[in-house]
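J.: Pasting the sequence and the predicted model now:
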Amino acid sequence: MQDERRPDLPTLIKVVEGFSQASALERLRSAVEVSEELACLADELVDHFIVKARDEGRSWSEIGQVLGVSKQAAQQRFVAPDLSTFECEEIERPMTPRVRRAIKSAHKEARRMGVDYVDTEQILLGLLRDKNALANVALEEAGISIDKVREEINRRFVPSAGRRTNGTLTARAAQALQLSLQESRRLGHNYLGTEHVLLGLLSLKEGVASDVLVEAGATYEVVKNLLLRMLHGPAVSISRRSRRMRLSS
């Protein structure tokens, strides 16, 4: 299918070169970031039309045929994460769309890692997928390398057979999200954003996510003070990672 509005390779090359003229490696890093953003947008695009197909009464078998996967795989891709380990309604209702996407991404990270549970490390990796999320902007403003955090999680990750839970959140991950909700309430907010989830992971003070963040310099106190300045002070400068792409003509 042809579409004049679809960004072609020359357009994407110009976008990347516009981000950085410093060196070939810097341009390569920008290219990776652009490709990740495009992959995220592609997932959201497909999910949008899965909703439309379901609204028209199409079955998961039909949707799976279009996606080229089984009925079960189609459902697993789209159905909301299993939050049965704690009060679903209490936690789900205030979630922002970014947090919902981050949790879906956490499940994708779990599948990539070959496990069927979601722990704090997968939640953190899910947050890191969204370059424009406030959690990511805060980490970068604190001088934390997102790439190094991701690499360290992957280096440390060791699956534990005793923790398999059929794709549900572990008790520790559920506790981190409960703490995230508490952080939101302490700040007087009526929503659950990525910044609250980041604080929840840090306030738990256990698990791979907290360990990696603290060792990188992102302690609870550092991140919370920075977020308070960002939320209530003058607008902070947004780093290169969080610039929005302009792909349409």
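T.: Alright, I've got the coordinates.
J.: what's the closest residue to residue 191 other than its chain neighbours in contact with, if anything?
T.: Once flanking residues are discounted, residue 191 sits nearest to residue 94: 4.9 Å by Cβ to Cβ, 6 or more residues apart in numbering. For glycine as for every other residue, the C-beta is placed from the backbone atoms N, C-alpha and C. For residue 94, the contact set (Cβ atoms under 8 Å, 6 or more residues apart in numbering) comprises 181, 184, 190-192.
J.: Please pick the buried ones from the residues you listed.
T.: Buried by 16 or more other Cβ atoms under 10 Å: 181, 184, 192, out of the contacts of residue 94.
J.: Can you tell me which of those residues is closest to residue 102?
T.: Nearest to residue 102 among the buried ones among the contacts of residue 94: residue 192, at 10.6 Å, using Cβ to Cβ.
J.: Quick check: phi and psi at that closest one.
T.: Per-residue torsions, residue 192: phi -110, psi 110 (degrees, to the nearest 10).
J.: repeat for residue 169
T.: Taking degrees, to the nearest 10 as the convention, residue 169 sits at phi -70, psi 140.
J.: my guess is it meets residue 175, correct?
T.: No - assessed by Cβ atoms under 8 Å, residue 169 is found out of contact with residue 175, at 9.2 Å.
J.: Please identify which of these two sits among more neighbours.
T.: Taking other Cβ atoms under 10 Å, residue 169 and residue 175 do not tie; residue 169 has more neighbours (27 against 19).
J.: Return the distance of that one relative to residue 181.
T.: Going from residue 169 to residue 181 by Cβ to Cβ, to the nearest Å gives 14 Å.
J.: Check the contact between residue 30 and residue 16; I expect there is one.
T.: Yes - counting by Cβ under 8 Å, residue 16 is a contact partner of residue 30 at 4.8 Å.
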